[in-house]
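In: after the sequence you'll find the predicted model.
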Amino acid sequence: MNLPNLLTLSRLVAIPILMVLILADFPYHDQIAATVFVVASLTDTLDGNLARARGQVTELGKFLDPLADKLFILSVLIVLVQARELAAWVVVIIFGRELLITVLRSLSASQGKVIAATPWGKTKTVSQVLAVLLLILQEPYPALRPWATVVVGFAVAFTVLSGVDYLWRYRQVLLGGEERWATAGGGRAGSAGGGASGGGPGGAAPAGEAPADLPARDLHRRLAGGRLKVAVAESCTGGLLAAALTDQPGSSAYFNGGVVAYSNEVKESLLGVPAELISRHGAVSAEVAEAMAAGVRRRLGADIGVAVTGIAGPDADGTAKPVGLTHIWVDGPQGGEGIRFEFGGDRWVNRRSAVAEALKLLLSRLRPG
């Protein structure tokens, strides 16, 4: 039990306190309830930031945080209905949306994917918090009633829109089959480096197959003789590229190994990427991808080095670069070649797309002509 988890639990503890304060009848009970509500709401942002900053993200925290968020808002809204400060249909809409997204997340998890928060979802949360605050304060301050009505309307609208947005963004979760991977090749690609462009984005894989499966098999057939050795350097894909290569039995004949260089320090110390290069161009850049590919090729004694660096999402990691931006580079005896992509899926789809495109670029380098 760490500090971020304790902050999350504090929202659950605040629920009965808020219920009593809203329904009670003593001087300034509404103002006290509003203060408790604001303080408890702020812990929603604080606990996540602390967990990431301290490296204290736990399975308990992942379970408690969304549970506390939903129970906190819904419980207060239900009490406001009981106090006749809010219409019951508003709670039905908000609860229905939360139930729908919970089911969608469960289906996504069963498919091995993670549904990330969207900008609409964050706007929805802020509008709901502001609406609840105004609803609590409208009794002692009647001038706030019109504003409370307006903000509740906005909150309901954003709740519905965010639900529709989630359904549209992650429709492949509901459709299943090959549609699950339909966005895997949906990025924009541009070539860079010393060679012809190595194949643009591909379509979806056949039903039941990830988009990386087919090029991995083709690569295995071409490399099985062991004449060329391959090594990989990965950042955003976190080992998925190495896993795709080693999924093929007998891949030890051509696969030397891989380095997951997630931090800039590892890129510099293990792969020899100059710190000045990262500082000037950023970790997600063609220049750094090229240096990673050359570095892993040299470090692991391979004939060909493949590198992937990108922003998988859901956030841009504090940079101005777009989510989904990915640079892939292949370095070999005939020089290097890189491609830039902007994938349009969620974190899981973007990572799988990067693996598929890296394998296709590597395969194109092995084909004659």
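Out: Alright, I've got the coordinates.

In: and the spatially most central residue of the chain, its phi and psi?
Out: Nearest to the geometric centre of the chain sits residue 314, at 3.2 Å (C-alpha atoms, centre = their mean). The phi/psi pair for residue 314 (degrees, to the nearest 10) reads phi -80, psi -10.

In: could you confirm residue 231 falls within a strand?
Out: Yes - using DSSP: H, G, I helix; E, B strand; the rest coil, the assignment for residue 231 is a strand.

In: who touches it in this structure?
Out: By C-beta atoms under 8 Å, 6 or more residues apart in numbering, the contact set of residue 231 is 255-259, 296-297, 299-302, 304-306. C-beta here means a position set from N, CA and C on the backbone, and glycine is covered the same way.

In: can we see that at 6 Å?
Out: 256, 257, 296, 297, 300, 302, 305 (C-beta atoms under 6 Å, 6 or more residues apart in numbering).

In: in strands, which of those fall?
Out: 256, 257, 305 (DSSP state E).

In: just to revisit the earlier point, for the contacts of residue 231, which one is nearest residue 363?
Out: Nearest to residue 363 among those: residue 305, at 15.2 Å, using C-beta to C-beta.

In: so who does the closest one touch?
Out: For residue 305, counting by C-beta under 6 Å, 6+ apart, the contacting residues are 231, 293, 296, 297, 331.

In: now do the helices in the stretch 151-300 of the chain.
Out: 171-175, 213-223, 240-246, 264-271, 275-281, 286-299 (DSSP state H, counting those that start in this stretch).

In: wait, which of the ones in strands among the contacts of residue 231 is closest to residue 47?
Out: Taking the ones in strands among the contacts of residue 231 together and measuring to residue 47 by C-beta to C-beta, the closest member is residue 257, at 38.2 Å.

In: outline the domain layout of this protein.
Out: 3-175, 182-366 (automatic domain parsing).

In: average pLDDT across the shortest one?
Out: The reference is to domain 3-175. For domain 3-175, the mean pLDDT works out to 86.

In: what about it, how long is it end to end?
Out: 40 Å (C-alpha to C-alpha, to the nearest Å).

In: confirm that residue 321 sits in a helix.
Out: No - per three-state DSSP, residue 321 lies outside any helix segment and is coil.

In: how close does it get to residue 340?
Out: The gap separating residue 321 from residue 340 is 11 Å, by C-beta to C-beta, to the nearest Å.
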